[in-house]
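**Q** could you work out the structure for the sequence below:
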Amino acid sequence: MFSLNGSSSLNSSVYGVSKGLTRRKIAAPLVVVAAASSNYNQGDGNVVLMENSLNGKREKAPTKPSSVTEKDSKSAVGAGVDDLYDEDSASEDQYVTPWAVTVASGYPLLRDPRYNKGLSFNEKERDGHFLRGLLPPVVISQDLQVKKMMHNIRQYQVPLQRYMAMMDLQERNERLFYKLLIDNVEELLPIVYTPTVGEACQKYGSIFRQPQGLFISLKEKGRILDVLKNWPEKQIQVIVVTDGERILGLGDLGCQGMGIPVGKLSLYTALGGIRPSACLPVTIDVGTNNEQLLNDEFYIGLRRKRATGQEYAELLHEFMSAVKQIYGEKVIVQFEDFANHNAFDLLAKYGSTHLVFNDDIQGTASVVLSGLMASLKLVGGALAEHSFLFLGAGEAGTGIAELIALQISKQTGAPLEEARRKIWLVDSKGLIVRSRMDSLQHFKRPWAHEHEPVNNLLDAVKAIKPTVLIGSSGAGRTFTKEVVQAMALYNEKPVILALSNPTSQSECTAEEAYMWSEGRAIFASGSPFSPVEYNNKLYATGQANNAYIFPGLGLGLIISGAIRVHDDMLLAASEALAAQVSQDNLEKGLLYPPFANIRKISAQIAAKVAAKAYELGLATRLPQPENLEEYAESSMYSPNYRNYR
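**A** Numbers count the residues shown, from 1 in each chain. So this is what the prediction gives:
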């Protein structure tokens, strides 16, 4: 089967055949051709790879060159010997049409990440798919491959080297990559995502090997629909898109922010069971204001200042319109790491027309709310009986605050405006109060309460006396010893959440929180910290990682065929996650369940989200399955190898 338009159901297994407008004299190649459909039933244990050999003889070089291949006699070399294969003109411009043949056998099969099994190809498969001699004689299991890869990865001392090793594996053996990640999720999650992905984005231009997603820049304005058609997969269910302006706590990384969508979608598959071929990472490149990148010879993006205003809005609108046109109403578009001034506007603009979700605003809010619900089992009382103080009033801070207020309003029946009064925010200018209203950005105004001005966090803690302190500032070491001690002074068990990523930007470390509070703090962080020993007690620090929420949320939206994301779905996800925290977890200092059970947790979250979608009339997959949790589990992608016949 030939693919003449460049697209293929086998992503990277193409054996190039130059044909058409060429100045070279080429012999017709002997090609072994096979094709495999990517639309096989996921429940099947076997994948059929059809083989068909095209046997032909190599054509002799023409004795009389045609007008297309004719060479100037002056190009002859070696005392009149013709340059028959054009080796001397290899550096000249060549007119070549890149016709492609789709192959799924022999050497190209070993280069296809979706179907390659490496040394796990059995004897029958090696004979049936022309692999005999291309592999060493041993046949090993996938489990042994996982063991070997983990041994190899652990040899690297530098986290970025481990990240690159994982990316290399993903590019050559997709199923082994996900099997490795699923089986060792607690060890590898910090490698494929935060905090290591932050360093990877900073150095993305230097470590870039081959594209793992779509780069859409201002150069493609007016042609974005055609660019989306260039992506080989057509049945896309989840898109993660960034413009790179606010990558984690690292700022504007421009085009190099692609590491974030790639990492997020790896987790959608590993933790939420969304098949890899249904995931599309996208980076919108509108330039960067990062002078260091603009002057970096290895930078891979547009070398210009960021587009703003109408130019920016038009490009994003074209992208959103094209996505809906080509992938339909039910494709999830997750906005990731957009700056505040764009993130809120995009979510408000497209929330009523597209299935959109902002993980920084909504995902963070949902996972933090879940941790707060779990913490109540230790500190006592209802959510409405506590007071909350935030350091940081951007996407994450205001998103968390709003979801807490929604939950309080739902539980007490009080108006949302009244529920918000339990929540206070501190930004770079101090406590947000009503006297600052005229100078506040629109998303901060709901949190401007009556209070005298307070200039810094420590004074705000002393004035408000909160029971919960939440950091979402992106500024490291801002929960000082004095701040933590003040929290411990007013609370027997102060709840302290230092959420900023990566680790270097965390408001305080786990060790600092426990030491300064004399072991009384209930602590969780955005980045992982090692367990802390204090007064002969070991505290296994919890991580308020968005990966607890967004994979299960995405799966729930997909299995229900939801057309919109509703706040009640986020509340349902929070409640489902909090319900998985055991008393044993809490006694160890964990506000979240172990990641080792994340696929089961994601299925439970998906079931609650899907049930809420049906309840709200936003689901389109009918009839509703009787057991949504079982249905979610059965829908999950499995990384186990398939048998080829």
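
**Q** now do the spatially closest residue to residue 394 that is not a sequence neighbour against residue 474, distance only.
**A** Excluding its sequence neighbours, the residue lying closest to residue 394 (C-beta to C-beta, 6 or more residues apart in numbering) is residue 340, at 4.8 Å. Any C-beta I mention is one placed from the backbone N, CA and C, and that applies to glycine too. For residue 340, the distance to residue 474 equals 11 Å [C-beta to C-beta, to the nearest Å].

**Q** tell me which of these two has more neighbours.
**A** residue 474 (23 against 20; other C-beta atoms under 10 Å).

**Q** do you know how far residue 343 is from residue 336?
**A** 9 Å.

**Q** neighbour count: these two, which is higher?
**A** The neighbour count for residue 343 versus residue 336, taken as other C-beta under 10 Å, is higher for residue 336 (27 against 24).

**Q** and residue 638, how many neighbours?
**A** Residue 638: 14 neighbours (other C-beta under 10 Å).

**Q** quick check: it vs residue 165, distance?
**A** Noted for residue 638: a distance of 23 Å to residue 165, by C-beta to C-beta.

**Q** about what we covered before: need the overlap of contacts for residue 340 and residue 474.
**A** Common neighbours of residue 340 and residue 474 (criterion: C-beta atoms under 8 Å, 6 or more residues apart in numbering): residue 394.

**Q** quick revisit: if I pick the residue nearest to residue 394, what's in contact with it?
**A** Counting by C-beta under 8 Å, 6+ apart, the residues that residue 340 touches are 246, 394-395, 441, 443.

**Q** mind giving me the PyMOL select for the residues you listed, buried ones only?
**A** Those of these that count as buried under 16 or more other C-beta atoms under 10 Å are selected in PyMOL with:
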select buried, resi 246+394+395+443
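
**Q** okay, and which of the contacts of residue 340 map to helices?
**A** In helices, defined here by DSSP state H, the members of the contacts of residue 340 are residue 395.

**Q** got a markdown table for the contacts of residue 340, with pLDDT and distance to residue 611 too?
**A** Output for the contacts of residue 340, formatted as a markdown table (pLDDT from 0 to 100; distance: C-beta to C-beta, whole Å):
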| residue | pLDDT | distance to residue 611 |
| --- | --- | --- |
| 246 | 94 | 34 |
| 394 | 92 | 32 |
| 395 | 91 | 28 |
| 441 | 93 | 36 |
| 443 | 94 | 30 |
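
**Q** let me know the closest of the contacts of residue 340 to residue 645.
**A** For the contacts of residue 340, the residue nearest residue 645 by C-beta to C-beta is residue 246; the value is 49.3 Å.

**Q** okay, now the closest residue to the closest one other than its chain neighbours: neighbour count?
**A** Once flanking residues are discounted, residue 246 sits nearest to residue 339: 4.6 Å by C-beta to C-beta, 6+ apart. Counted with other C-beta under 10 Å, residues neighbouring residue 339 total 16.

**Q** residues making contact with the helix or strand harbouring residue 239?
**A** If you go by DSSP states H and E, residue 239 is part of strand 238-242. Contact partners of strand 238-242, identified using C-beta under 8 Å, 6+ apart, comprise 257-258, 260-261, 264-265, 268, 274, 278-284, 319, 323, 327, 331-338, 554, 558.

**Q** next secondary structure element downstream of it?
**A** Elements were assigned by DSSP H and E; along the chain past strand 238-242, the next helix or strand is helix 259-272.

**Q** for the residue nearest to the spatial centre of the chain, give me its contacts.
**A** Note on the chain: the residue nearest the mean C-alpha position is residue 264, at 1.0 Å, using C-alpha atoms, centre = their mean. Contact analysis of residue 264 by C-beta under 8 Å, 6+ apart lists 193, 240, 281, 334, 336, 359, 550.

**Q** I'd say residue 631 and residue 621 touch.
**A** No. The pair residue 631 / residue 621 is not scored as a contact, 9.7 Å apart, by C-beta atoms under 8 Å.

**Q** give me the common contacts of the two.
**A** By C-beta under 8 Å, 6+ apart, the residues touching both residue 631 and residue 621 are residue 559.

**Q** give me the contact list for stretch 161-177.
**A** By C-beta under 8 Å, 6+ apart, the residues outside stretch 161-177 that reach it are 111, 113-114, 116-118, 142, 145-146, 149, 152-153, 156, 180-181, 188, 191-192, 196-197, 199-200, 207, 209-210, 212, 266, 276, 639-641.

**Q** try stretch 285-303
**A** The contact list for stretch 285-303 (C-beta under 8 Å, 6+ apart) reads 204-206, 208, 215-219, 243-244, 251-256, 304-307, 311-312, 315.
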